[in-house]
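Q: Starting from these lines, generate the structure:
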Amino acid sequence: MDKVIILARVSTQAQDYQRQVNELKEFCDRVGWEVSRVFANKVSGAKTLEERSEMVEMVEYIKSNDVKRVVCLEISRLGRNTLEALKVINYLNEHGVSLYVKNYNLETLVDGKVNPVASLICTILLEIASMERQTIKERMSSGRNQYITKCKEQGIKMGRHSSYRKSEEAYKEQYTKEISLLRKGISLRNVSQLTGTSVNTLRKLKDRFGFLK
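A: Numbering: from 1, shown residues only. Presented below is the predicted three-dimensional model:
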């Protein structure tokens, strides 16, 4: 039975990746693939490949385990833009690991060799996804600018209340991986390298939760 990894991702805290995981697990069961590990996270679309903790962990897992296939639901789940996503695909190809995109039945490697048709289709799909994200971003920016203009015209003050402070639960939700590593006594620099979170931010987390003295 082939050993595979499931990769799931959503770009906001409001979204839920469990639907992706459930759908991919059911599919793997049907085709006879053994799910060795699930890598899933809620990440900001602004994060680079190196800043995504689930990608860092997945790369390390692939290096130390006999994994030959990574399964994802949509090609857009790989990265914030075409370049980031292609970096993932190229890395997998170089290590003899095929990427299977369920929604399009695409396999990047066939008999251990790069599938040129799949590579071309993946690039096209990534460019389309990138264009869609840019269009959404422009619409949101336009709407925000119109709202700001309207507030100014009506004399409405904007921004957070001066007493605003992010709650402890919000910190725990946003920095789950970082907090877990800090609790284990891992140094700020090493946690920063693993997660992509700045040392200054990690120091604030340390001070707020009192992990290290």
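Q: mind listing what's buried in the longest helix along the chain?
A: Secondary structure of the chain per DSSP state H: the longest helix is helix 116-153. Buried residues in helix 116-153, counted by 16 or more other Cβ atoms under 10 Å: 118-119, 121-122, 125-126, 129-130. Every C-beta, even on glycine, is put in place using the N, C-alpha and C of the backbone.
Q: helices and strands around it, which ones?
A: In terms of contacts (3 or more Cβ pairs under 8 Å, 6 or more residues apart in numbering; DSSP states H and E), helix 116-153 is packed against helix 82-94, strand 106-107.
Q: and the buried residues of helix 116-153, which two are the farthest apart?
A: 118 and 130 (18.3 Å; Cβ to Cβ).
Q: Near residue 178, how many other residues are there?
A: With neighbours defined by other Cβ atoms under 10 Å, the count for residue 178 comes to 24.
Q: For it, what are phi and psi?
A: Note on residue 178: backbone dihedrals following degrees, to the nearest 10 are phi -60, psi -40.
Q: Rebuild the helices and strands packed on helix 116-153 as CSV, extending it with mean pLDDT, distance to residue 191 and mean neighbour count.
A: Shown next, in CSV, are these (pLDDT from 0 to 100; distance: least, Cβ to Cβ, whole Å; neighbours: other Cβ atoms under 10 Å):
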stretch, mean pLDDT, distance to residue 191, mean neighbour count
helix 82-94, 82, 22, 18
strand 106-107, 90, 35, 16
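Q: Format the ones you listed as TSV; extra columns: distance to residue 168.
A: Formatted as TSV, the helices and strands packed on helix 116-153 follow (distance: least, Cβ to Cβ, whole Å):
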stretch	distance to residue 168
helix 82-94	32
strand 106-107	43
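Q: Indicate which one of those is closest to residue 196.
A: That would be helix 82-94 among the helices and strands packed on helix 116-153, by Cβ to Cβ, at 12.7 Å.
Q: Give the next helix or strand downstream of that closest one.
A: Downstream of helix 82-94, the next assigned helix or strand under DSSP states H and E is strand 98-101.
Q: Among the buried residues of helix 116-153, which one lies nearest to residue 155?
A: Nearest member of the buried residues of helix 116-153 to residue 155, counting by Cβ to Cβ, is residue 130, at 39.4 Å.
Q: so where's this structure uncertain?
A: The model of the chain has pLDDT under 70 over residues 10-16, 41-56, 77, 79-80, 130, 132-134, 136-137, 156-166, 211-213.
Q: domains of it?
A: Residue ranges for the domains of the chain, per automatic domain parsing: 2-126, 168-209.
Q: Residue 184 versus residue 175, what's the distance?
A: In this view, residue 175 and residue 184 are 14 Å apart by Cβ to Cβ, to the nearest Å.
Q: if you count what's nearby, which of the two comes out ahead?
A: residue 175 (21 against 9).
Q: how many neighbours does the closest residue to the more buried one other than its chain neighbours have?
A: Leaving aside its chain neighbours, residue 175 sits nearest to residue 205 (5.9 Å; criterion: Cβ to Cβ, 6 or more residues apart in numbering). For residue 205, the neighbour count with other Cβ under 10 Å is 20.
Q: Next: residue 112.
A: For residue 112, the count of nearby residues is 9 (other Cβ under 10 Å).
Q: Report whether the expected contact of it with residue 96 is present.
A: Yes - taking contacts as Cβ atoms under 8 Å, residue 112 lies within contact range of residue 96: 6.1 Å.
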